[in-house]
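A.B. asks: Got a predicted structure here, sequence first:
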Amino acid sequence: MTPPPPYFQLGAARLYQPDAELNERLPAGTAELSAYIKTLVWVCTEFFNYYTQPAPAFGSLGLLVAAGLKPGGQARVWVDVVDGTLPADVHDALTELLNGAGSDVRPQVTGPVAFALEGRLGVGPAIPFPEVPALWQSTAAQSHQALRLPDDLFPHIFPD
């Protein structure tokens, strides 16, 4: 008998910068970024396997897991729920785990790097994933000027 698929599944990964810029900012190449992404996916998978066994699942929804990296090994993760809800304590625990994850595989960068993961819980959301987290959208809207992601946005949401 084939085991059921994990409750959390990666739907897509989104890089917010063009390849040429990423190549400049990731001196060791994209392999380290890939390892960090795989670590974040593993944390989400294990986290939801824990929370959904034997308790009932949280239903079908999406998680937009956006991450920012800055020189000096700094990293920050934002988690937005798409088309559903998670209890605040579950959301906060996941965000805290993701912010602490992957320090041994986190890529060293020469400038800010941003990406997002579209994760599905159950069959996923019935609506499309947003392009960026809500905080990023509202911060850009409040600035009343175009903010280039991540260079112009990070000073507002991810200060040193």
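C.D. replies: The structure has been received and is ready for your questions.

A.B. asks: Quick one: neighbours of residue 153, just the number.
C.D. replies: Look at residue 153: counted by other CB atoms under 10 Å, it has 21 neighbours. Just so you know, the C-beta spots here come from the backbone N, C-alpha and C atoms, and that holds for glycine as well.

A.B. asks: That one contacts residue 142, doesn't it?
C.D. replies: No - Residue 153 is not in contact with residue 142 according to CB atoms under 8 Å; the separation is 11.3 Å.

A.B. asks: how about the helices in this protein?
C.D. replies: 19-25, 31-51, 88-100, 134-143, 154-157 (DSSP state H).

A.B. asks: now these as CSV including distance to residue 70?
C.D. replies: Listed next are the helices of the chain as CSV, based on distance: least, CB to CB, whole Å:
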stretch, distance to residue 70
helix 19-25, 10
helix 31-51, 13
helix 88-100, 13
helix 134-143, 15
helix 154-157, 7
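
A.B. asks: For residue 79, which of those helices is the nearest?
C.D. replies: helix 88-100 (4.9 Å; CB to CB).

A.B. asks: now the closest one against helix 31-51, angle please.
C.D. replies: Counting by axes from the mean of the first three to the mean of the last three CA atoms, to 10 degrees, helix 88-100 lies at 150 degrees to helix 31-51.

A.B. asks: For helix 88-100, list every residue counted as buried.
C.D. replies: Neighbour counts over helix 88-100 (16 or more other CB atoms under 10 Å) mark 94, 98 as buried.

A.B. asks: Quick one: list the elements packing against it.
C.D. replies: helix 31-51, strand 74-82 (3 or more CB pairs under 8 Å, 6 or more residues apart in numbering; DSSP states H and E).

A.B. asks: mind redoing it with 10 Å?
C.D. replies: helix 31-51, strand 61-70, strand 74-82 (3 or more CB pairs under 10 Å, 6 or more residues apart in numbering; DSSP states H and E).

A.B. asks: Need the contact partners of that helix.
C.D. replies: By CB atoms under 10 Å, 6 or more residues apart in numbering, the residues outside helix 88-100 that reach it are 8, 39-40, 43-44, 46-48, 50-51, 58, 63, 65, 67, 75-81, 85-87, 117.
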